[in-house]
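Novice: structure for this input, please:
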Amino acid sequence: MSEQSPPEDARAGYADALPEYAERVLDVAERIPPGRVMTYGDVAEWLAEGGPRQVGRVMALYGGAVPWWRVVRADGVLLPGHELRALAHYRAEGTPLKQAGRSTEGHLPRLDMRRARWDGDADAEGHI
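Specialist: Numbering: from 1, shown residues only. Below is the predicted model:
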């Protein structure tokens, strides 16, 4: 998500203008259950199209309209510039976190990717 992201309630207003790939990425983000995450690469793999950078670009431009905090970096580091907002969502949803070590900048936890990662199969209606 970035400063360019539209407000969270704006997706319906511009859905017709979204590129098809962006719409598909946002649909996957909406399917991720609360308390779970997918990496940018996971989303691209699930769609069988694009790659992590393309998914990241879509999330940066349009992600404000979906649960953006559920599409994450593979290393579990919280989204730079949005760490506190994301952390609030993770805590509210019960997303597994790893406590930060003393040497960790800002002492922010990371996502526990082993436990939080969602493979897209459970409760999924199939690939888009």
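
Novice: how deep is residue 81 tucked in, by neighbour count?
Specialist: 11 (other Cβ atoms under 10 Å). Every C-beta, even on glycine, is put in place using the N, C-alpha and C of the backbone.

Novice: can you tell me how far the residue lying closest to residue 26 once chain neighbours are set aside is from residue 35?
Specialist: Nearest residue to residue 26 in three dimensions, chain neighbours excluded: residue 66, at 5.0 Å (Cβ to Cβ, 6 or more residues apart in numbering). Noted for residue 66: a distance of 16 Å to residue 35, by Cβ to Cβ, to the nearest Å.

Novice: how far does stretch 55-74 sit from its chain's centre?
Specialist: 5 Å (Cα atoms, centre = their mean, to the nearest Å).

Novice: buried sites along it?
Specialist: For stretch 55-74, the neighbour count (16 or more other Cβ atoms under 10 Å) marks 55-73 as buried.

Novice: helices - which of the residues you listed land there?
Specialist: 55-62 (DSSP state H).

Novice: from those, which is closest to residue 21?
Specialist: residue 58 (6.9 Å; Cβ to Cβ).

Novice: list the contacts for residue 70?
Specialist: 29, 32, 36-38 (Cβ atoms under 8 Å, 6 or more residues apart in numbering).

Novice: could the residues you listed go into CSV alongside neighbour count?
Specialist: Formatted as CSV, these follow (neighbours: other Cβ atoms under 10 Å):
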residue, neighbour count
29, 22
32, 21
36, 20
37, 25
38, 23
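
Novice: how about those, which pair is most distant?
Specialist: Going by Cβ to Cβ, the pair spanning the contacts of residue 70 furthest: 29 and 36, at 11.4 Å.

Novice: ranges for the strands of this protein?
Specialist: Here the chain has its strands, by DSSP state E, at 38-39, 71-72, 97-98, 110-111.
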